[in-house]
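Novice: structure here, sequence nowhere to be found:
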């Protein structure tokens, strides 16, 4: 049996597929791995599966109690669209409450990237803004004006990047501010 420091050094260096494989070896390994899997997370998908994946991630983080280990989080949510009737099928992201719960416990979170509809969770779940008071970096991709208004109170950010290329006509990317 390795001491905690040695185990920590080894697990920190494993990539995600290796950590997942290790978690399947035994119950003991399965109990050790979740905090290391939660450190750097990117959740996305295609079609209507995005919201379900985001909800599943939030449920997993909350059930394993590893939100405080998350340092970097990136979420992409492509809205499900009803082409016959011409509107989004999920106008309010149903995972917003669960994401607010995760972020409220994510005391080590340094950077978050929200892309497309995920950027609108600020508007639908006001608890999220208060959960990001220690955040140093925020990246919004294709955010709505409502999302931009919601994040205007985050004064502690060292880095704020806005990419409006998917929402602007000519595809330009704007860096609003980058503070030293």
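Specialist: Received it, and whenever you're ready, just let me know what you need. Here the structure is a predicted model, which means the values were calculated and not measured.
Novice: what's the residue lying closest to residue 131 once chain neighbours are set aside sitting at in phi/psi?
Specialist: Distances taken as C-beta to C-beta, 6 or more residues apart in numbering place residue 103 nearest to residue 131, at 3.8 Å, with adjacent residues excluded. Where C-beta positions appear, they are placed from N, C-alpha and C, glycine not excepted. Here is the backbone geometry of residue 103 (degrees, to the nearest 10): phi -70, psi -30.
Novice: now the element after the helix ranked longest in the chain, going C-ward?
Specialist: Counting residues, the longest helix in the chain under DSSP state H turns out to be helix 49-64. As assigned by DSSP states H and E, the chain's next helix or strand after helix 49-64 is strand 72-77.
Novice: pLDDT on that next one, on average?
Specialist: When pLDDT is averaged over strand 72-77, the result is 88.
Novice: ok, now stretch 57-67?
Specialist: pLDDT averaged over stretch 57-67 gives 93.
Novice: what is the neighbour count of the nearest residue to residue 94 once chain neighbours are set aside?
Specialist: Leaving aside its chain neighbours, residue 94 sits nearest to residue 51 (6.1 Å; criterion: C-beta to C-beta, 6+ apart). Using other C-beta atoms under 10 Å, residue 51 is surrounded by 21 other residues.
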